[in-house]
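> 3D, please:
(one chain, ligands or ions: 1)
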Amino acid sequence: CRKRRFSALQVSCALRKVTFSDTLDGSELRVGVIRSRWNEEITASLLEGAKKTLKECKVAPDNVVELEVPGAFELPLAARLMIETQRVDSVICLGCLIKGETTHFDIIADKASAAIMQLQMTTAVPIIFGVLTCLNEEQARARAIGSANLGVEWAKTAVEMGVVRNVMQ
Ligand code: DLZ
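Predicted structure coming up:
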């Protein structure tokens, strides 16, 4: 069995318990952003917040790979295809599920979140679950439009986890 070699950066990170949330330097990263079109105004705003933040974290525009899918249910497969065909260090899945009168909402939320978790565990590529699961449109707007845009937080998480992945691998 081969011994694993650690770089100086890895060793110093381990010794100093560096947390990457302080720096968020995405200049070495390639990040995938997949947006679903259902509840268009909400997901467009999440995408805008995410892209603005990736830029602030120094991810080069050419290193942001964008993809659009119909609904949240399609996000896991799109993430898998993106991971298989592109070199991406992390992926952000953006969507918005709004509860209706049937159980459709619960099924999609459950299946999509489980598939995304399974995919990131099997590929070792961080996949950010950027899907709002709201009881009504008002809740969704409060989390996507204006200063509380969660796309910002999800982009920061994608940068932090992309750096963690690259340091640990
Ligand atoms: C069908 C459906 C419904 C009712 N609601 C939403 C929603 O609130 N948010 C969303 O992202 N997608 C919704 N969809 C579409 C499904 O995600 C999916 O695109 C279809 O079931 C086709 O697989």
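
> spatially nearest residue to Ala155 (excluding sequence neighbours)?
Nearest in space to Ala155, with sequence neighbours left out and distances taken as CB to CB, 6 or more residues apart in numbering, is Thr53 at 3.7 Å. C-betas here are computed from N, CA, C, even on glycine.

> same check, this time on Cys134
Nearest non-adjacent residue to Cys134, counting by CB to CB, 6+ apart: Ala140, 4.3 Å away.

> just Pro61 next, same as before
Nearest in space to Pro61, with sequence neighbours left out and distances taken as CB to CB, 6+ apart, is Lys55 at 7.1 Å.

> and what about that neighbour, helix, strand or coil?
Reducing the assignment to helix, strand or coil with DSSP: H, G, I helix; E, B strand; the rest coil, the entry for Lys55 is helix.

> residue contacts, the closest residue to the ligand within the chain?
Shortest the chain-to-the ligand distance, computed as CB to the nearest ligand atom: residue-wise this is Gly71, at 2.3 Å. Counting by CB atoms under 8 Å, 6 or more residues apart in numbering, Gly71 touches Ser36, Arg37, Trp38, Gly95, Ile108.

> what do you get for Met161?
Residues touching Met161, when contacts are defined by CB under 8 Å, 6+ apart, comprise Ser90, Pro126, Ile128.

> make sure I have this right: it is in a helix.
Yes. Looking at Met161 with three-state DSSP, it is inside a helix.

> pretty sure the residue nearest to Ala155 is touching Thr157, no?
No. Using CB atoms under 8 Å as the test, Thr53 is too far from Thr157 to be in contact (9.9 Å).
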